[in-house]
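Participant: 3D model of this:
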Amino acid sequence: MPGAQDIPPDLQVVADERRTLLNLGYRLLGSVTDAEDAIGETYLRWYRLTPQQRDDIDSPLGWMMKTAGRICLDMLGSARARREQYVGQWLPEPLPGPNRWTSGQSGDELTDPADQVTMDESVSMALLLVLDTMTPAERVSFVLHDVFRYRFDEIAEIVGRSPGACRQLASSARRRIHGTPVGSAERRPPVALVATFKAAWESGEVQNLLRVLDPESTAVTDGGGLVTASAEPIAGAPAVAEFFLEVFQRQPDLVLEHTDVNGEPGLTARSAATGEVLAVLSFTTRGDRVDHIWVMRNPEKLGHWR
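Facilitator: Next up is the predicted model:
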């Protein structure tokens, strides 16, 4: 998607709304790449309108949000079919804090602030995973109402349901979130606990890791079929600890660093030899122990960490 300076003058009225659209698209799709595709299609449809049609639109942002919502709704439906062919476990694309967000291209230049997703509780890895269990209509209804404060009569025009049905969809989505442990705000990982996990991992001692892992902890890795990753979730503290120790055995030059992942404390693992980020880890906790670890290894989802 071109930057705002490349957009034709007659599109300038909506160019400044790119960040709002990106925030919507990422929360609905869990992928910046897919969100950018949705934004591109939204701009294309706006540009296809005649000048008179554009002049007749009272709220360009409202029109674009509605259009982007419909596009994302369609994309969510097709994503389910694509997911069936995905190799291994699928995780949402993790995003860094604003100070290390890069273009995803070669080089380390920072993107324009308009190309950054706003970090808040609605983009935590745990919540994005719960959103991914919802039907497309549930997800769109919940995100538009609870995150963007759209009225149900406005949402009804996007999902093609009645306002009452959209209210029910949002309520159903809310129940899913409240009924899922990882959807609880109390599961946000404290910086100190992530630091303890890092130190235990670096020690190479299984007992150190077992002391920081919940007995029923799980680890999920997403390699997308492009790099080595576990094809199934790893369950139970002993198996999780052994998995992480084997990682260091395979790559002893791995360097762990504290970072923000989707606005929460996390870790990156990079190669000391090349400096390349090889994995991004995010967590949830139960009490004073780590109970969920999500490891992004798919290089196609690490573009903003380069």
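
Participant: where are the low-confidence patches of the stretch 1-150 of the chain?
Facilitator: Counting by pLDDT under 70, the stretch 1-150 of the chain shows low-confidence ranges at 1-16, 99-115.

Participant: quick one: low-confidence ranges for the stretch 151-300 of the chain?
Facilitator: For the stretch 151-300 of the chain, the ranges with pLDDT under 70 are 181-186.

Participant: hey, where'd the strands end up in it?
Facilitator: Under the criterion DSSP state E, counting those that start in this stretch, strands of the stretch 151-300 of the chain are mapped to 213-222, 234-235, 254-261, 264-271, 277-286, 289-296.

Participant: Please name whichever of those strands is nearest to residue 93.
Facilitator: Set against residue 93 and scored by C-beta to C-beta, the strands of the stretch 151-300 of the chain come closest in strand 289-296, at 7.5 Å. Just so you know, the C-beta spots here come from the backbone N, C-alpha and C atoms, and that holds for glycine as well.

Participant: Centre of the chain to the closest one, how far?
Facilitator: 15 Å (C-alpha atoms, centre = their mean, to the nearest Å).

Participant: list the buried ones in that strand?
Facilitator: 289, 290, 291, 292, 293, 294, 295, 296 (16 or more other C-beta atoms under 10 Å).

Participant: Check stretch 59-69 too.
Facilitator: Across stretch 59-69, burial judged by 16+ other C-beta under 10 Å covers 63, 64, 65, 66, 67, 68, 69.

Participant: Residues contacting it, please?
Facilitator: 13-14, 17, 20-21, 24-25, 28, 38-39, 42-43, 45-46, 54, 57, 140, 144, 148, 150, 154-155, 157-159 (C-beta atoms under 8 Å, 6 or more residues apart in numbering).

Participant: swap in stretch 251-271?
Facilitator: 94-97, 100, 119-121, 123-125, 128, 188-191, 194-195, 197-198, 201-202, 247-248, 272-273, 276-283, 305.

Participant: For that stretch, what is the distance to the chain centroid?
Facilitator: Distance, centroid of stretch 251-271 to centroid of chain: 17 Å (C-alpha atoms, centre = their mean).

Participant: and residue 232, how many neighbours does it have?
Facilitator: Neighbourhood size, residue 232 [other C-beta atoms under 10 Å]: 9.

Participant: For it, grab phi and psi.
Facilitator: Here is the backbone geometry of residue 232 (degrees, to the nearest 10): phi -130, psi 160.
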